[in-house]
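one predicted model, sequence on top.
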Amino acid sequence: MFRFLVCRGVTARAPQEGLSWFSSFNLSSRSIHSIPFATVDVEEISGSQPAEVHNLVQGKWKGSSSWNTLLDPLNGDPFIKVADVDEAGIQPYVESLSKCPKHGLHNPFKEPERYLLFGDISAKAAHMLSLPKVSDFFTRLIQRVAPKSYQQALGEVQVTQKFLENFSGDQVRFLARSFGIPGNHLGQQSHGFRWPYGPVAIITPFNFPLEIPALQLMGALYMGNKPILKVDSKVSIVMEQMMRLLHYCGLPVDDVDFINSDGKTMNKILLEANPRMTLFTGSSRVADKLAVDLKGRIKLEDAGFDWKILGPDVQEEDYVAWICDQDAYACSGQKCSAQSMLFMHENWSRTSLVSKIRDLAERRNLGDLTIGPVLTFTTEAMLEHMSKLLQIPGSKLLFGGEPLKNHSIPPIYGAIKPTAIYVPLEEILKKNTYELVTREIFGPFQIVTDYKRDQLPMVLDAVERMHAHLTAAVVSNDPLFLQEVIGNTVNGTTYAGLRARTTGAPQNHWFGPAGDPRGAGIGTPEAIKLVWSCHREIIYDVGPLPRHWEIPPST
Ligand SMILES: NC(=O)c1ccc[n+]([C@@H]2O[C@H](COP(=O)([O-])OP(=O)(O)OC[C@H]3O[C@@H](n4cnc5c(N)ncnc54)[C@H](O)[C@@H]3O)[C@@H](O)[C@H]2O)c1
């Protein structure tokens, strides 16, 4: 992995066209030391040289009178200053959103050229992200604010790059494909169109600083909406730089507002600006509040308490153990799709699967960020949860359960070893323990249990009672077993088969919860159309009237 320097203070350039756009960022001839859109040098951000994150409203980047200082999650240095908008400063954002009509910035009858514009922007942005120094820039920036291994952070950049490639050229206009049905008489035809909502809001969490906001933002824009984007301030520097890249690739500067604020201020903006649709990705607690506040005009990607069921056919033990380790502990367990509960068939309990998972988990280390800080739970909170679980009869610590040692992660964040706790199935199902055992701990933490051949209905009962149905894995190549588990469950993204995993949200398949009419999706054309457009039917009825038509009797 090579390092490079970026000139501090370089501002976003005006969009340029065609060849000149490409040659203005020609790696071989011009400076390999600069990234033309970037305003930060990822390797230089530190307590002595803190980076600044700005807001964008009505086409202008703005600072703020109050700056929120972030601590480096690896050493506690105050390393990023975020221009925080407080409740007194929301008016420009409310006004900007209110200016956008309900019929959007474009639709099939208004400025259709913009569908092509977004195909072009996507092609250019995909090209930029494919350049090694740009992809390294974003990968490292992600690592600085949401510490995860280089490979995991790079994965976000690659998914975003592929997604942008997917929606290059004419693919944006194909998203707005309409259909027509012949009518009842000459001159009548009905046409179904994908229509934008107009002013919309996007709220995203800390754990995927680039992939989630970038994919949802582009989907919103493709369909003709004007979004206000709010990313968790802890990581918003990544998307701030991505906004600058998009401007560089031709995104009109007043198409998107970008805001840094706390949740309360954002809640107020939503109530005052009244976006026609809000996409919320985050915890179920906030999701449920917003669903009420916004009177249902919302789509949700909320909490994940994701399960994996190992079926009766034991095979490829090493592979299954490796996937379990990746699913539970990559990104320190801070994926919404992380494996939270593992159900092992008794045939698997007789193998050395658990000790293999433990050995793999023990390879993880802070040096390469294969384990790292937990940003929303402290060490004490996770250990306290563990001791409550260990009071359940028959439960035991399988491995982990200790704080990480020899680190300088500040105490506002958590730092524990990858942890697995065994809880007997019968105990999990008891009314007063169920809630405790199925609480989502957004860290390197999983529950393991086992079941006997005739206890599959109990396993299915346990997963039926969960409130979030995001991802799941059924690890078996027994078609009857797969059929039974899939037919009796609902999770929106379910992997089935020997190689099944719970994590993995590439751009090539739908990712989102099921079983909830508010459920959103991300990544695919279906997800974009569902989340970011509504159906509009235009019934043409132009005549002519039948010859000798007369006014009929009233009906
Ligand atoms: N389903 C998915 O695709 C998905 C993806 C990633 C994360 N998640 C979930 O997100 C959670 C972890 O993220 P988190 O702790 O940052 O979530 P969170 O709900 O605390 O915050 C998410 C975002 O909402 C904002 N926010 C908080 N209160 C708000 C309010 N009242 N009005 C408007 N905005 C508000 C936050 O500032 C942040 O930007 C986990 O539960 C995880 O499972 C889900």
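Done, it's in.

and what about the most centrally placed residue in the chain, helix, strand or coil?
Residue closest to the average C-alpha location in the chain (Cα atoms, centre = their mean): Ile212, at 3.2 Å. Three-state call for Ile212 (DSSP: H, G, I helix; E, B strand; the rest coil): helix.

residue contacts, it?
Applying Cβ atoms under 8 Å, 6 or more residues apart in numbering, we find Ile212 in contact with Thr204, Pro205, Thr281, Glu301, Ile522. Where you see a C-beta, it was placed from the backbone N, CA and C, and this is true even at glycine.

do that again at 6 Å, thanks
The neighbourhood of Ile212, defined by Cβ atoms under 6 Å, 6 or more residues apart in numbering, consists of Thr204, Thr281.

roughly how far apart are Phe481 and Arg363?
31 Å (Cβ to Cβ, to the nearest Å).

between these two, who's got more neighbours?
Of the pair Phe481 and Arg363, Phe481 is the one with more neighbours under other Cβ atoms under 10 Å, namely 19 against 10.

pull the particular helix or strand that has the more buried one in it out as PDB, backbone CA atoms only.
Element membership for Phe481, per DSSP states H and E: helix 479-487. The C-alpha coordinates for helix 479-487 follow below in PDB (Å, rounded to 0.1, in the frame of the first residue of the first chain):
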ATOM      1  CA  PRO A 479     -32.600 -29.100   0.100                       C
ATOM      2  CA  LEU A 480     -35.400 -30.200   2.400                       C
ATOM      3  CA  PHE A 481     -33.700 -28.500   5.400                       C
ATOM      4  CA  LEU A 482     -33.200 -25.300   3.400                       C
ATOM      5  CA  GLN A 483     -36.800 -25.400   2.200                       C
ATOM      6  CA  GLU A 484     -38.100 -25.800   5.700                       C
ATOM      7  CA  VAL A 485     -36.000 -23.000   7.200                       C
ATOM      8  CA  ILE A 486     -36.600 -20.500   4.300                       C
ATOM      9  CA  GLY A 487     -40.300 -21.300   4.200                       C
END
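
got a pLDDT number for the residue of the stretch 1-150 of the chain found nearest the ligand?
Among all residues of the stretch 1-150 of the chain, Ala146 sits closest to the ligand, at 10.4 Å; criterion: Cβ to the nearest ligand atom. You'll see Ala146 listed with a pLDDT of 98.

quick check, pLDDT for the residue nearest to the centre of the chain.
98.

please apply the same query to Phe79.
At Phe79, the pLDDT recorded in the model is 98.

any weak-confidence spans in this protein?
1-33 (pLDDT under 70).

can you spell out the domain ranges of it, please?
Following automatic domain parsing, one finds the domains of the chain at 52-177+190-303+526-534, 306-496.

straight-line length of the first one, end to end?
One end of domain 52-177+190-303+526-534 to the other measures 38 Å (Cα to Cα, to the nearest Å).

who does the helix holding Phe481 touch, helix- and strand-wise?
Packed against helix 479-487, as judged by 3 or more Cβ pairs under 6 Å, 6 or more residues apart in numbering; DSSP states H and E, are no other helices or strands.

now it: how far from the chain's centre is it?
29 Å (Cα atoms, centre = their mean, to the nearest Å).

tell me which helix or strand comes right after that helix.
By DSSP H and E, the next helix or strand past helix 479-487 is strand 493-496.

give me the sheet partners of that following strand and which way each runs.
strand 471-475 (parallel) (DSSP bridges).

coming back round to it: the helix holding Phe481: which residues count as buried?
Phe481, Leu482, Glu484, Val485 (16 or more other Cβ atoms under 10 Å).

angle of that helix against strand 471-475?
Using axes from the mean of the first three to the mean of the last three Cα atoms, to 10 degrees, one finds that helix 479-487 and strand 471-475 are set 170 degrees apart in direction.

name the residues of this structure found near the ligand, please.
The chain has residues 203-207, 230, 232, 263, 266-267, 281-283, 286, 289-290, 301-304, 336, 376, 440, 442, 470 near the ligand, with proximity defined as Cβ under 6 Å from any ligand atom.

among those residues, which ones are buried?
203-207, 230, 232, 266-267, 281-283, 286, 290, 301-304, 336, 376, 440, 442, 470.

report the distance from the strand or helix carrying Tyr319 to the chain centre.
Assigned by DSSP H and E, Tyr319 falls within helix 317-329. In terms of Cα atoms, centre = their mean, the centre of helix 317-329 is set 22 Å apart from its chain centre.

please apply the same query to stretch 279-293.
14 Å.

what residues does it touch?
With contact meaning Cβ under 6 Å, 6+ apart, stretch 279-293 is reached by 202-205, 212, 216, 298-303, 520, 531.

repeat that for stretch 502-517.
Contact partners of stretch 502-517, identified using Cβ under 6 Å, 6+ apart, comprise 159, 162-163, 301, 306, 308, 327, 335, 337, 339, 469-471, 473, 490, 492-493, 519-524, 527.
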